[in-house]
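Visitor: predicted coordinates and the sequence they were generated for:
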Amino acid sequence: MSLFLFGLVLISEPLFSLRGYSILVVCLRILFFSSQGVLLIYIIFELLSLPVLIMIHIYGSQPEKIGSVYYILFYTGRFGIRFLYIVIVLER
C-alpha cells in the first residue's frame, strides 16, 4: 500500500516542492502506523500537521485557506496539549 501511495504521489504531482511535502506526509504516515509507543504516535501525529499546513498555506488557491490554517493550529494547540498530558500520565 505504501509503494502505491509513493507511486501515486510521484505520478500525480507536477510541482517538485509539493511532491516533496507529499512524500514527507506519506513517510510520516508509515511511521505513525508502525510505531509502538503512545508518545511516539503523538509526536509523529503533531509532525504530520506541519507539512499539511505548509501545503495548504502555500499551494492553496481559495481565500478560505487562511481560515483553515487557523483552525488546524487552534485545534492542534487546544487539544494537542491535553492529549500530551494524557499520554505522559499513561506512560508512567
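Guide: Noted; the coordinates are in hand.
Visitor: show residues contacting the helix or strand where Phe33 lies.
Guide: Here Phe33 sits within helix 16-34, counting by DSSP states H and E. The contact list for helix 16-34 (CB atoms under 8 Å, 6 or more residues apart in numbering) reads 2, 5-6, 9-10, 13, 41, 44-45, 47-48, 51-52, 54-55, 59. For every residue, glycine as well, the C-beta is placed using N, CA and C.
Visitor: after it, next one along is what?
Guide: Next element after helix 16-34 (DSSP H and E): helix 38-59.
Visitor: give me the low-pLDDT residue ranges for the protein?
Guide: For the chain, applying pLDDT under 70 flags the ranges 1-2.
Visitor: change it to 80
Guide: Residue ranges of the chain with pLDDT under 80: 1-17, 61, 92.
Visitor: what angle separates the helix holding Phe33 from helix 38-59?
Guide: Per axes from the mean of the first three to the mean of the last three CA atoms, to 10 degrees, the angle that helix 16-34 makes with helix 38-59 is 160 degrees.
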